[in-house]
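Enquirer: what's the 3D shape of this:
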Amino acid sequence: MRIGLVGVGRIGAFHAATLKGLDSVEKVVVTDLDHPRAQSLATELGLEAAVDVETLLGAGLDGVAICAPTSAHADLIGRALDAGLTTFCEKPVASDLQGTQRLAERVADGLPRVHIGFQRRFDAGFRAARDVVASGGLGWIHTIRANTSDAAPPHASYIPTSGGFFRDCSIHDFDAVRFVTGREVVSVYAVGENRGEAFFAESGDFDSAAAVLTLDDGTIALISGSRYNARGYDVRLEALGSKDSVCVGMDDRLPLRSLEGGVEFPAGRPYADFMERFHQAYFDEMVAFTELVAGRIETPCSVQDGLQALLIAEACAISRREGRPVRMDEVGQ
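Expert: Numbering: from 1, shown residues only. Predicted structure coming up:
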């Protein structure tokens, strides 16, 4: 098959290399607003480079992967759909709720297929958690605890266009809660504060946040996160049930230091960032995309999934701003 890729930054370059190495992919064509950067990657990996998106979409492709900045997602997905191409796009679907809703309506019949990139759905631990919850092995779930904390904050220039903490960072936890439990969120209560650099507050954002989500079966999900977790990149999900409890992310690289006497766990080097922690998940995500292009699987994470995660993030933003619980039926109407 022939795959196009738009945007050759860090994640785009990784996906391009993955696609190049797959036996099922015979050609990869890349493009970027910075054409010399696209040409450099193409030369390095033995790919083709297109001068612009229009040229790429006209190159006889079977599918296209969108790894461009968030502000370009909605337009690029629309252009890929116009070309009839099966599409992968890194989260989020669009930079705003209205744009996301419009695309969800456009692809409601499922064709062409669009796969949104929430890579935790391809992580072995998260998939195992989903399976054990679905099997009933934990009994009924009373609590989900999910956390995403960066080892260091992103560059100040990233924050004004990031969408804010809930839409940029915690949105992965919101999707993971839906993925693992198979349930929907009915209400949220959220807080967020700044203890670090001033550029967060200057952009109307915050560097640490928490939210309590109530699911439609009464399960409580506790979400937390921070841009300042100097010991290392920390992503965990705990599912606590009436029969058993499990945790994702509790390996020897867990960035916590025990103060209990005689305890040596965890003793490994903590993960530095999301690319290191989810390296295999990102690879498996691209393999799944090629399976989707080939028509062998259903969409692993739909535009509707992306919309639902964004609606939760929107509800949390409202809750934090207004200092009150927010029901999901208040959002997106």
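
Enquirer: going forward, measure contacts and count neighbours with C-alpha atoms only.
Expert: Noted.

Enquirer: hmm, who's touching stretch 283-301?
Expert: Residues from elsewhere that reach stretch 283-301 (CA atoms under 8 Å, 6 or more residues apart in numbering): 15, 18-19, 22, 24-25, 62-63, 86, 88, 113-119, 122.

Enquirer: So which of the residues you listed sit within helices?
Expert: 15, 18-19 (DSSP state H).

Enquirer: At which residues are the strands of the protein located?
Expert: 2-6, 27-31, 48-49, 63-66, 86-90, 114-117, 141-149, 185-193, 208-215, 220-226, 234-241, 245-248, 326-327 (DSSP state E).

Enquirer: As TSV, the ones you listed with mean neighbour count and mean pLDDT would be great.
Expert: Output for the strands of the chain, formatted as TSV (neighbours: other CA atoms under 10 Å; pLDDT from 0 to 100):
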stretch	mean neighbour count	mean pLDDT
strand 2-6	26	98
strand 27-31	24	98
strand 48-49	20	96
strand 63-66	28	98
strand 86-90	25	97
strand 114-117	27	98
strand 141-149	21	98
strand 185-193	21	98
strand 208-215	22	98
strand 220-226	22	98
strand 234-241	22	98
strand 245-248	18	98
strand 326-327	20	98
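
Enquirer: Any chance of TSV for those, columns distance to A108?
Expert: Converted to TSV, those look like this (distance: least, CA to CA, whole Å):
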stretch	distance to A108
strand 2-6	24
strand 27-31	28
strand 48-49	32
strand 63-66	19
strand 86-90	14
strand 114-117	10
strand 141-149	30
strand 185-193	21
strand 208-215	24
strand 220-226	29
strand 234-241	30
strand 245-248	32
strand 326-327	24
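
Enquirer: Which among the ones you listed is found nearest to S162?
Expert: S162 sits nearest to strand 86-90 of all the strands of the chain, at 13.4 Å, using CA to CA.

Enquirer: Report the strands that pair with that closest one, each with its relative direction.
Expert: strand 63-66 (parallel), strand 114-117 (parallel) (DSSP bridges).

Enquirer: so which of those strands comes closest to A210?
Expert: strand 114-117 (23.3 Å).

Enquirer: now what about the closest one, what contacts it?
Expert: 86-93, 107, 285, 289, 299-303, 306.

Enquirer: so P153 makes contact with G232?
Expert: No. If you go by CA atoms under 8 Å, P153 and G232 don't touch, sitting 11.6 Å apart.

Enquirer: R130 is nearest to which of the strands of the chain?
Expert: Closest among these, using CA to CA: strand 234-241, at 9.5 Å.

Enquirer: Can you name every helix or strand that that closest one contacts?
Expert: In terms of contacts (3 or more CA pairs under 8 Å, 6 or more residues apart in numbering; DSSP states H and E), strand 234-241 is packed against strand 141-149, strand 245-248.

Enquirer: what's near enough to touch the most centrally placed residue in the chain?
Expert: Against the mean C-alpha coordinate of the chain, by CA atoms, centre = their mean, the closest residue is F118 at 3.3 Å. Neighbouring residues of F118 by CA under 8 Å, 6+ apart: 90-91, 172, 175, 301.

Enquirer: What of R121?
Expert: 127, 176, 179, 281.

Enquirer: ok, for the first one, nearest residue in space, not its chain neighbours?
Expert: With sequence-adjacent residues excluded and distances taken as CA to CA, 6 or more residues apart in numbering, R127 is closest to R121, at 6.4 Å.

Enquirer: Buried residues, stretch 89-108. List them.
Expert: Buried residues in stretch 89-108, counted by 16 or more other CA atoms under 10 Å: 89-97, 100-101, 103-104, 107.

Enquirer: Contacts for it, please.
Expert: Outside stretch 89-108, the residues touching it (CA under 8 Å, 6+ apart) are 65-67, 70-74, 77-78, 113-118, 163, 303-304, 306-307, 310-311, 332.

Enquirer: end-to-end on it?
Expert: In stretch 89-108, first residue to last residue: 17 Å (CA to CA, to the nearest Å).

Enquirer: Renumber starting at 275 from here on
Expert: Let's use 275 as the start, then, which means that last one is stretch 363-382.

Enquirer: Show me how far it is from its chain's centre.
Expert: 14 Å (CA atoms, centre = their mean, to the nearest Å).

Enquirer: how much space is there between the residue lying closest to V462 once chain neighbours are set aside and C363?
Expert: Nearest residue to V462 in three dimensions, chain neighbours excluded: L487, at 4.5 Å (CA to CA, 6+ apart). Taking CA to CA as the measure, L487 falls 27 Å from C363.

Enquirer: Over to A484?
Expert: 27 Å.

Enquirer: And V465, by the same measure?
Expert: V465 sits 29 Å away from C363, going by CA to CA.

Enquirer: which residues does T361 contact?
Expert: Going by CA under 8 Å, 6+ apart, the list of residues near T361 reads 337-340, 351, 354-355, 386-389.
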